[in-house]
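In: Generate a structure from the sequence data that follows.
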Amino acid sequence: MAAVGFIGLGNMGGPMAANLVRAGHSVRGFDLADAALTALATAGGSKATSVADAADGAEIVVTMLPAGRHVREVLTGADGVFARAAPGALLIDCSTIDVSTARDMAGQAEARGFVMLDAPVSGGVSGAAAGTLTFMVGGTEAAFGRAQPVLSAMGKTVVLAGDAGSGQAAKVCNNLILGISMLAVSEAFALADKLGLSAQALFDISKASSGQCWALTSYCPVPGPVPASPANRDYQAGFATALMLKDLTLATEAATASAAAGVLGEHARAAYARLAELGMGDKDFSVAARALLQGQLGR
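Out: Numbers count the residues shown, from 1 in each chain. Okay, here's the model as predicted:
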């Protein structure tokens, strides 16, 4: 079992670190929030007093941070991970960040004798708690093999997507699909309502027809048809609108930077930006359906 430094113990990182403890790893974690540190200690991990303290001598360092600038600061700071981790340590960044930063950090890590993977996740807070996350991993096959015991303790599906940055590329492409498809499903339910067609009838028909998709059958955005969906809990976030906006911003920025063809990505990003402006940033991203039904989104 490994000595793991874990930096970023928020809604996702906290349960991920706890799962590493349960798998028998020695976890020393750091977060700016005292409550997050206490939760890790309760789970059997150790509190670190700083980034340096968490990384000091660690064989493996996992980061789960809000954005690329935070990852860069934690890794390259004067008393950061590059300065304090054990020689040859494996660095696993599970944050969702831009591809260019992920590739730059991997290059800097290699130049300093470290091994680094970008490994963003899908599965939300419930998946983090249950240890059923999907990891989309970018890096070498050798590093991927070395990381398998750690990633498998936190997730159910672990996929090597390609070289450095490929995990982040897979994440933004996947969430581009998800964000757009949720808006399409939500718009269809809003139209059905105007036409006098019940939500249950549309669901029953579409789930067995060409409109079938995950956003409909597993995460239905209107109350009723799928009891476990956030729509039946006043859109309590499984995946917050603000996070979908972040991911779609990363996707559209990547599309612009790479001159990729696009039709719907920017429209979807603008729709989630409007939801955030309306004060729904902390609600589940499927709240788009309610906003459409109430005439708050769209024309």
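In: distance from the centroid: which residue in this protein tops it?
Out: Distance from the centre of the chain peaks at Gly196, with 37.0 Å (CA atoms, centre = their mean).
In: Report pLDDT for that one.
Out: At Gly196, the model reports a pLDDT of 98.
In: try Ala228
Out: For Ala228, pLDDT reads 93.
In: Doesn't it lie inside a helix?
Out: No - looking at Ala228 with DSSP: H, G, I helix; E, B strand; the rest coil, it is coil, so not inside a helix.
In: I figured Gln108 hits Val81, correct?
Out: No - using CB atoms under 8 Å, Gln108 makes no contact with Val81, being 10.6 Å away. C-beta: built from backbone N, CA, C; applies to glycine.
In: in the helix or strand that contains Ala251, what's buried?
Out: Remark: Ala251 resides in helix 241-258, with elements defined by DSSP states H and E. Residues 241-252, 254-255 are the ones in helix 241-258 that count as buried (16 or more other CB atoms under 10 Å).
In: Report the mean per-residue pLDDT for it.
Out: Helix 241-258 comes out at a mean pLDDT of 96.
In: Convert the C-alpha atoms of it to PDB, please.
Out: The C-alpha coordinates for helix 241-258 follow below in PDB (Å, rounded to 0.1, in the frame of the first residue of the first chain):
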ATOM      1  CA  THR A 241     -25.100  23.900 -13.200                       C
ATOM      2  CA  ALA A 242     -22.000  25.900 -12.400                       C
ATOM      3  CA  LEU A 243     -19.800  22.800 -13.000                       C
ATOM      4  CA  MET A 244     -21.600  22.100 -16.300                       C
ATOM      5  CA  LEU A 245     -20.900  25.700 -17.300                       C
ATOM      6  CA  LYS A 246     -17.300  25.300 -16.400                       C
ATOM      7  CA  ASP A 247     -16.900  22.100 -18.500                       C
ATOM      8  CA  LEU A 248     -18.800  23.600 -21.500                       C
ATOM      9  CA  THR A 249     -16.600  26.700 -21.300                       C
ATOM     10  CA  LEU A 250     -13.500  24.400 -21.400                       C
ATOM     11  CA  ALA A 251     -15.000  22.500 -24.400                       C
ATOM     12  CA  THR A 252     -15.900  25.600 -26.400                       C
ATOM     13  CA  GLU A 253     -12.500  27.200 -25.600                       C
ATOM     14  CA  ALA A 254     -10.800  24.000 -26.800                       C
ATOM     15  CA  ALA A 255     -12.900  24.000 -29.900                       C
ATOM     16  CA  THR A 256     -11.900  27.500 -30.700                       C
ATOM     17  CA  ALA A 257      -8.200  26.800 -30.000                       C
ATOM     18  CA  SER A 258      -8.200  23.700 -32.200                       C
END
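In: Cool, thanks, signing off.
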